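Peer 1: Coordinates for the following, if possible.
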Amino acid sequence: MQAWDEDRAKARIRELERLPGALIPILHALQEEFGYIHSDATPLIADALNLSRAEVHGVISFYHDFRHSPPGRHVLRICRAESCQAMGCDALIDHVENRAGVKLGETTPDGSLTVEQVFCLGNCALSPAVMMDGEPYGRVSPGVADFLVDSARRAQ
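Peer 2: Numbering: from 1, shown residues only. Sure thing, here's the model as predicted:
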C-alpha cells in the first residue's frame, strides 16, 4: 500500500472506468492501492462514471469491506457468519477487543493492528475463523487470538 496520491488514483480510475459496472472494481482497486477509499476519491469517481457523489458515497458506505481511513500495519478479520457464530465468534470478538484495546472497525493507537468483522471467510468447517493479513486461521481459541494480536503489535 502506498500513501494517497490523487494522480495515481486518477490513473487507476481511468484504467477501469470503461468496464461494465466499473464502480465496484474501481473501489476495490483504490482500496488495494491505498488501503482505504480516501474521501477525495469520491468526486473523482463520480465525475469519471457520470454518477452523483451521493451515489458513490452510498456504495462505499453500504459495503463493509471498504475502509474510510488507512488500516493498521496488520489487519485481523474475524468471521461473524452463522457457522462461526454457532462456534463462539462473539466470545472471541470480546476477547480480541479486550486484548487489543479496540472495538471492531478500529485501529490500535500505535497503528499496529486493525480489527474488522467479515461475514464469511469460507472456512466454515474450522469455525471460528479469522484472517490475519490474508492468512486464514481456523478453530481459533483465545490463545491463538492472543498470539496473533501480540505478534501484530510486536512486528514493525
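Peer 1: What does residue 137 show for phi and psi?
Peer 2: phi -130, psi 140 (degrees, to the nearest 10).
Peer 1: Report the beta-bridge partners for it.
Peer 2: Note on residue 137: beta-bridge partners by DSSP bridges are residue 130.
Peer 1: which residues does it contact?
Peer 2: Counting by CB atoms under 8 Å, 6 or more residues apart in numbering, residue 137 touches 129, 130, 131, 144, 148. Using the backbone N, CA and C atoms, a C-beta is placed for each residue, glycine as well.
Peer 1: Next, residue 103: phi, psi?
Peer 2: For residue 103, the backbone dihedrals (degrees, to the nearest 10) come out as phi -90, psi 170.
Peer 1: Please read the previous query as pertaining to residue 141.
Peer 2: Taking degrees, to the nearest 10 as the convention, residue 141 sits at phi -90, psi 170.
Peer 1: How many neighbouring residues does it have?
Peer 2: For residue 141, the neighbour count with other CB atoms under 10 Å is 13.
Peer 1: so is the residue minimising distance to the centre of the chain in a helix, a strand, or just coil?
Peer 2: Nearest residue to the geometric centre of the chain (CA atoms, centre = their mean): residue 65, 4.9 Å. Under DSSP: H, G, I helix; E, B strand; the rest coil, the three-state class of residue 65 is coil.
Peer 1: ok, the residue lying farthest from the centre of the chain to residue 41 distance?
Peer 2: Within the chain, residue 50 marks the point farthest from the mean C-alpha position, 26.7 Å out by CA atoms, centre = their mean. Going from residue 50 to residue 41 by CB to CB, to the nearest Å gives 16 Å.
Peer 1: What of residue 3?
Peer 2: To residue 41, residue 3 is 13 Å away according to CB to CB.
Peer 1: do the same with residue 118
Peer 2: According to CB to CB, residue 118 stands 22 Å off from residue 41.
Peer 1: Pick out whichever of the two has more residues nearby.
Peer 2: Taking neighbours as other CB under 10 Å, residue 118 and residue 41 compare with residue 41 leading, 23 against 16.
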